[in-house]
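**Q** This is the structure alone, sequence omitted:
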């Protein structure tokens, strides 16, 4: 089970790197880039925690997840305010 969790977080981290790179290449707005980079921090923190390489891994992952949710909510609110 531990190997499956490690593999899952590794794949998620690589996927988020790819998404952030594509957003950067497409010259996305700063909010979108911040959202995806915080997603990388989220996945990387939990990946570090899964491999037990650093004791702060879970805290880094939690911080990244909070930032990801924050930037996603801000993007949603801005998008809805522009439509009205």
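**A** Yep, that arrived. Owing to the predicted nature of the structure, the values given are computational and were not obtained by experimental measurement. Numbering: from 1, shown residues only.

**Q** in the protein, which spans are helices?
**A** 2-25, 30-51, 57-83 (DSSP state H).

**Q** distance of the most centrally placed residue in the chain from residue 23?
**A** Central residue of the chain (CA atoms, centre = their mean): residue 39, 0.5 Å from the mean position. From residue 39 over to residue 23 the distance is 10 Å, taken as CB to CB, to the nearest Å. The way it works is simple: take the backbone N, C-alpha and C, and place the C-beta from them, glycine included.

**Q** got it, and residue 59?
**A** With CB to CB as the criterion, residue 59 and residue 23 are 26 Å apart.

**Q** Quick check on those two: which one has the bigger neighbour count.
**A** Of the pair residue 59 and residue 23, residue 23 is the one with more neighbours under other CB atoms under 10 Å, namely 16 against 13.

**Q** which intervals of this structure have sub-threshold pLDDT?
**A** Residues of the chain meeting the criterion pLDDT under 70: 84.

**Q** winner for burial among the helices of the chain?
**A** helix 30-51 (a mean of 19; mean count of other CB atoms under 10 Å).

**Q** on that earlier part again, quick check: neighbours shared by residue 39 and residue 23?
**A** Shared contacts of residue 39 and residue 23 (CB atoms under 8 Å, 6 or more residues apart in numbering): none.

**Q** Contact partners for the closest residue to residue 71 other than its chain neighbours?
**A** Spatially, and ignoring its direct neighbours in sequence, residue 71 is nearest to residue 35 (3.9 Å; CB to CB, 6 or more residues apart in numbering). By CB under 8 Å, 6+ apart, the contact set of residue 35 is 68, 71, 72, 75.
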